[in-house]
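[1] model the structure of this input:
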Amino acid sequence: MTLALLAVLGPAAGAFAQSAETIAITDVNTTRYDEDGKVTMVVEFRNIAAAIDLSQVGVTVNGQPVQGATVERIANEAVPVGVVLLIDASGSMQGGAIEAAKAAAKGFVDSKRPEDFIAVVTFASQVTVVSNFSNRSDDLKQRIDGIVAEGDTALYDGVIKAAELYGSSDQIQRNLIILSDGANDLAGSTTTLQNALDAISAARVRTFGVALESAEFNPADVQAMAEAGNGLFLSTPDPTQLDGLYGQIRRELGNTVVVRFNSPLFSPGDAEFGVTYGALAATVGATVPGFVTTTTAGAAPTTTFPRPPGSVVENNLPLPASTLRWLAVGGITATIGLFAFILLGAVANNEDDKFAKRLSAYGRRGQGEERRSFLQRIPLLGRFTAAAEEEVRRRGLLGAVNSTLEQGNIPLSAGEAIAAGFGLAGVVGLVVGIVTLNPLGGVIAAALMVLLVFGVINFVGGREKKKFEKQLPDTLTLTSTSLRAGYSLLQAVEAVAQEAPHPTAREFQRAIAEARLGRPVTEALNGITTRTQSKDFEWAVLAIEIQREVGGNLAEVLQTVADTMLARNRLKGEIRALTAEGRISAYVLGSLPFALGGFLWVSNRTYLEPLFEETVGRIAVGMGFALMVAGWLWLRKIVNIEV
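    All right, here's what the predicted structure looks like:
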């Protein structure tokens, strides 16, 4: 079989060492990868060159065959696989060798599945963790590009560090690929080959050795590590062949299958699970909960035990659970993307487009020039948008909704915002209801999404208002300076529109546009007050109106207002610093019951169930929630000091 594999791989494989063909059960779990309570085994086919016939895979429990087991390749399963790429970055790798090594590593990253997590470690005079476990290909390749070859060869230390990355977690399949062009060569190092072999055995990591033949070529250490880790040892004198060797390792890693079956045991206890493939066999001991049964080759009766809490009956799902998850993710992503497109709108290509948009806020264009929004171009959504806006107008809320949208600089009408919010909530609620098979959960998710959408809109508006008020003292100072320089009020406002940062510049640009269309300057400035809901700017406009009626030095008046606001903002900052402890206390005390309740609900649900199933418990929850609201309002009253 080895000769046949070498004939297929040809010269790209270089020197090749292969251990005996074996199979190994690397993981046994009842719930981690499946939601239907089946026992799940991950089985590696090691050093088997021929194609694996899944129909020949058999399963045994305590020596008895199990019927009805399903076998799938790991490439089709969401089983996390870890790979540590340990790369020699010593001085002997300088030039084409290190570049070929980086290219091969990046090619390996490109071929990974989304469930594969790769870490990159280099060893030279020191061991460096270039990247911890990640499934982000772009980030991994960027970090690989930054590897530089220089220094000695701390091979043993690198192997130990790479094995330590897996820690004590069994959540991921463990693999290590070592690439080196020589033996360990680090002055003063006390680490031995046996230390490295012990680290591989202790971490239970499957190890693959790739040796790049050179003048100092000594493959004995790398080969010993590959044998200790039940992996392959490959070597080549040509750095350009490294990509092919990594591809061979990828194919070897792909010789892993996921086996699922119902345990035939009727009660919890220890069991010996086994798998057979032709003349090969492997067994492992594990503890089973005994909550599902199936039919074995023997005459054992079929009994169904209660499923664990939270398990899902596979036959009740309209589609496989993994498919529903991807559909849910895709639907939510597409909906959020559509909402973001509607929310942000198209970006203007030039200043003329921006000016045209500003003018469009003050009147409809001609019938031939009028452009409809994105929502209005969709017939059904267009009618819904118009109906929503009419309903808001009928209830007298149109002005408030438009004011909120204008404050946040959101280019939507009231009807479009409502349509976007309820549309997003409807999609999210539908997806949650389908995935969880719980209509009530879908309704709750939709309601929460409505609150979230309009909460985000209010948050954006509040953030823009805070920015505007923070910039206001500088804005008034700039206006005062412009007036002292001989500018008229309109020219001073135009100077602010050109020089100030956003959102101040945006609001003043709109005021300039209104003034040029014939609106008085003070009314245009009052429009800014209406849009931003800023009391501070309202006082500044009031000062301007009083000065225009009774006369006086407007520049001095504005400077006085600016100094007053600056001192007021400074006092606000001091108060905010002094009340920071109270605010943090409110956040901690308000979130602690929910965090603790969520933890208990996940870890020990039966402990909390009486609170929701018994009348006394429901009363206690209601009273606790009411007291929490009262306490939160009390703390808010303490820390909110008006200036």
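[2] where does the stretch 301-450 of the chain have low pLDDT?
    The model of the stretch 301-450 of the chain has pLDDT under 70 over residues 301-417, 419-420, 437.
[3] the same query, at a cut-off of 50, please.
    Along the stretch 301-450 of the chain, segments meeting pLDDT under 50 span 301-317, 343, 345-353, 355, 361-371.
[4] residue contacts, A286?
    28, 270-271, 273 (CB atoms under 8 Å, 6 or more residues apart in numbering). All C-beta spots, glycine's among them, are computed from the backbone N, C-alpha and C.
[5] beta partners for it?
    Beta-bridge partners of A286, counted by DSSP bridges, are A271.
[6] strands of the stretch 201-350 of the chain, start to end?
    Along the stretch 201-350 of the chain, the segments classed as strands by DSSP state E, counting those that start in this stretch run 206-212, 233-236, 256-261, 269-277, 280-288.
[7] need the phi and psi values for Y487.
    Per-residue torsions, Y487: phi -80, psi 150 (degrees, to the nearest 10).
[8] so it is in contact with Q498, correct?
    No - between Y487 and Q498 no contact is recorded; they are 11.9 Å apart, counting by CB atoms under 8 Å.
[9] so those two - more neighbours on which side?
    A count of neighbours by other CB atoms under 10 Å puts Y487 above the other of Y487 and Q498, at 16 against 11.
[10] now do the contacts for that one.
    By CB under 8 Å, 6+ apart, the neighbours of Y487 are A495.
[11] hang on, the earlier thing: with distance to F123 and mean pLDDT added, can I get the strands of the stretch 201-350 of the chain in TSV?
    TSV is the format used below for the strands of the stretch 201-350 of the chain (distance: least, CB to CB, whole Å; pLDDT from 0 to 100):
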stretch	distance to F123	mean pLDDT
strand 206-212	14	87
strand 233-236	18	85
strand 256-261	27	84
strand 269-277	36	82
strand 280-288	33	80
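[12] to N184, which of those lies closest?
    When these are ranked by distance to N184, counting by CB to CB, first place goes to strand 206-212 at 13.1 Å.
[13] okay, the closest one in PDB with CA atoms only?
    Only the C-alpha atoms of strand 206-212 are listed here, as PDB (Å, rounded to 0.1, in the frame of the first residue of the first chain):
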ATOM      1  CA  ARG A 206      -1.500  13.600  16.600                       C
ATOM      2  CA  THR A 207       1.800  14.800  15.100                       C
ATOM      3  CA  PHE A 208       2.900  15.100  11.500                       C
ATOM      4  CA  GLY A 209       6.600  15.700  10.700                       C
ATOM      5  CA  VAL A 210       7.700  17.600   7.500                       C
ATOM      6  CA  ALA A 211      11.500  17.700   7.100                       C
ATOM      7  CA  LEU A 212      13.100  20.000   4.600                       C
END
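[14] now do the buried residues in that strand.
    For strand 206-212, burial by neighbour count (16 or more other CB atoms under 10 Å) applies to 206-212.
[15] which of those sits closest to L600?
    Top of the list for closeness to L600, among those and by CB to CB, is R206 at 38.9 Å.
[16] wait, that closest one touches A226, no?
    No - if you go by CB under 8 Å, R206 and A226 don't touch, sitting 9.4 Å apart.
[17] low-confidence regions, the stretch 1-150 of the chain specifically.
    Along the stretch 1-150 of the chain, segments meeting pLDDT under 50 span 1-17, 32-35.
[18] columns distance to D243 on top of the strands of the stretch 201-350 of the chain, output as a markdown table?
    Below are those laid out as a markdown table (distance: least, CB to CB, whole Å):
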| stretch | distance to D243 |
| --- | --- |
| strand 206-212 | 11 |
| strand 233-236 | 10 |
| strand 256-261 | 22 |
| strand 269-277 | 30 |
| strand 280-288 | 30 |
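[19] I457 belongs to a helix?
    Yes - assessed by DSSP: H, G, I helix; E, B strand; the rest coil, I457 belongs to a helix.
[20] neighbours around it, how many?
    Counted with other CB under 10 Å, the neighbours of I457 add up to 21.
[21] which one is A187 nearest to, not counting chain neighbours?
    Nearest residue to A187 in three dimensions, chain neighbours excluded: D152, at 6.5 Å (CB to CB, 6 or more residues apart in numbering).
[22] test my guess that that neighbour contacts A183.
    No - in terms of CB under 8 Å, D152 does not count as a neighbour of A183; the distance is 11.2 Å.
[23] at which residues are the helices of the stretch 451-600 of the chain located?
    For the stretch 451-600 of the chain, the helices defined by DSSP state H, counting those that start in this stretch cover 489-499, 504-516, 521-532, 535-550, 554-578, 580-603.
[24] who wins for proximity to E44 among these?
    With CB to CB as the measure, helix 580-603 is the member of these nearest E44 (32.1 Å).
[25] name the residues of the closest one that are buried.
    Quick answer for helix 580-603 (16+ other CB under 10 Å): A586.
[26] between that helix and helix 554-578, how many degrees?
    If you take axes from the mean of the first three to the mean of the last three CA atoms, to 10 degrees, helix 580-603 sits at 50 degrees to helix 554-578.
[27] dump the C-alpha coordinates for helix 580-603 into CSV.
    Taking Å, rounded to 0.1, in the frame of the first residue of the first chain, the C-alpha atoms of helix 580-603 are listed here in CSV:
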residue,chain,number,x,y,z
ALA,A,580,-19.4,57.5,38.2
GLU,A,581,-19.3,55.2,41.2
GLY,A,582,-23.1,55.5,41.7
ARG,A,583,-23.7,54.8,38.0
ILE,A,584,-21.5,51.8,38.0
SER,A,585,-23.3,50.5,41.1
ALA,A,586,-26.6,51.0,39.4
TYR,A,587,-25.4,49.0,36.3
VAL,A,588,-24.0,46.2,38.5
LEU,A,589,-26.9,45.9,40.9
GLY,A,590,-29.4,46.0,37.9
SER,A,591,-27.7,43.4,35.9
LEU,A,592,-26.5,41.0,38.7
PRO,A,593,-30.0,39.4,39.3
PHE,A,594,-30.4,38.7,35.6
ALA,A,595,-26.9,37.4,35.1
LEU,A,596,-27.2,35.1,38.2
GLY,A,597,-30.6,34.0,37.1
GLY,A,598,-29.3,33.2,33.6
PHE,A,599,-26.4,31.2,35.0
LEU,A,600,-28.7,29.2,37.3
TRP,A,601,-31.1,28.6,34.5
VAL,A,602,-28.3,27.0,32.4
SER,A,603,-26.5,25.2,35.1
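[28] any chance of the buried residues of strand 206-212 in CSV, with distance to E44 too?
    Below are the buried residues of strand 206-212 laid out as CSV (distance: CB to CB, whole Å):
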residue, distance to E44
R206, 7
T207, 13
F208, 12
G209, 17
V210, 19
A211, 23
L212, 26
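[29] can you tell me which of the residues you listed lies closest to A199?
    Once CB to CB is applied, the member of these that ends up nearest A199 is T207, at 10.1 Å.
[30] re earlier: look up how far A199 lies from the residue nearest to A187.
    20 Å (CB to CB, to the nearest Å).
[31] swap in L245?
    Computed as CB to CB, the L245 to A199 distance reads 23 Å.
[32] who's more crowded, the two?
    Using other CB under 10 Å, the more surrounded residue of L245 and A199 is L245, with 25 against 22.
[33] distance check, the residue nearest to the spatial centre of the chain against K106.
    Nearest to the geometric centre of the chain sits R136, at 10.7 Å (CA atoms, centre = their mean). Distance, R136 to K106, using CB to CB: 13 Å.
[34] same check, this time on I177
    Between I177 and K106 the computed distance is 13 Å (CB to CB).
[35] mind checking which of these two has more residues around it?
    Between I177 and K106, counted using other CB under 10 Å, I177 has the larger neighbour count: 28 against 18.
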